[in-house]
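> Here's a sequence, model it:
(one chain, ligands or ions: 2)
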Amino acid sequence: MSQLTELHVDIDARVASIRENTADWLCGKGCDSCCKRLAEVPQLTVAEWNLLREGLAGLAADHLQAISRKIAAVANSTARPVVCPLLDHATGACPVYLHRPVACRTYGFYMQRDLGLFCRDIEKQVADGALPDVVWGNHDAIDRRLAGMGESRPLTEWFADWIRDGLPSDQ
Ligand code: SF4
Ligand code: SF4
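Ligands and ions are numbered 1, 2, ... in the order given. Predicted structure coming up:
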């Protein structure tokens, strides 16, 4: 099993445990607020990019072209927060869900020492005392494991290198 797959298994276990122990958990398909308010362009290790690239390569040609235009727009913009260029706005769903980066898997379920929980909707529930028994994942530990998985670059750079000679459907 690859290091990334091992990490996914551990994250899935933490997420499943939180969901099992907490009825009506907020995160679900169609809740896309976190995908629309990224602090920065998604940052991926090479292992994460290789997986994401597989997901992108499996999309229909016109869909990938539309994503390519959105990624170029994000690359040329300094606006913050960043709306993920992969997000399907019509459905609020992630078109590469099975191939998504680690940060997207941990969001809402993991806490970072200096950055808190990330999701303001869940933070509000915490502030209201609604989630007293949740055992949050430790994102600092996730970051340490990611650091051992090779070079890390913004999605925009990985994508630009990938399509330097044209989109897969053009080749
Ligand atoms: S992390 Fe927050 S915004 Fe994202 S799916 Fe969960 S509840 Fe929705
Ligand atoms: S890759 Fe998918 S899950 Fe992650 S921010 Fe983008 S649309 Fe959301």
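
> Next, the distance between the ends of stretch 147-154.
Distance across stretch 147-154, first residue to last, is 14 Å (CA to CA, to the nearest Å).

> Which residues belonging to it are considered buried?
Going by neighbour count (16 or more other CB atoms under 10 Å), the buried part of stretch 147-154 is Met149, Gly150, Arg153, Pro154. Glycine gets a C-beta too; all of them are placed from N, C-alpha and C.

> Specify the helix with the largest residue count in the protein.
Criterion DSSP state H: the longest helix present in the chain is helix 3-21.

> just to revisit the earlier point, and the buried residues of stretch 147-154, which is the shakiest by pLDDT?
Ranked by pLDDT, the buried residues of stretch 147-154 bottom out at Gly150, which has 87.

> Look at that residue and give its secondary structure.
Assigned state for Gly150: coil (three-state reduction, DSSP: H, G, I helix; E, B strand; the rest coil).

> Identify the residues contacting the nearest residue to it once chain neighbours are set aside.
Spatial nearest neighbour of Gly150, chain neighbours left out: Val46 (3.8 Å); criterion: CB to CB, 6 or more residues apart in numbering. Contact analysis of Val46 by CB atoms under 8 Å, 6 or more residues apart in numbering lists Met149, Gly150, Glu151, Ser152.

> again, but for Val135
Ser17, Ile18.

> ok, now Ser2?
So Ser2 contacts Ala47 (CB under 8 Å, 6+ apart).
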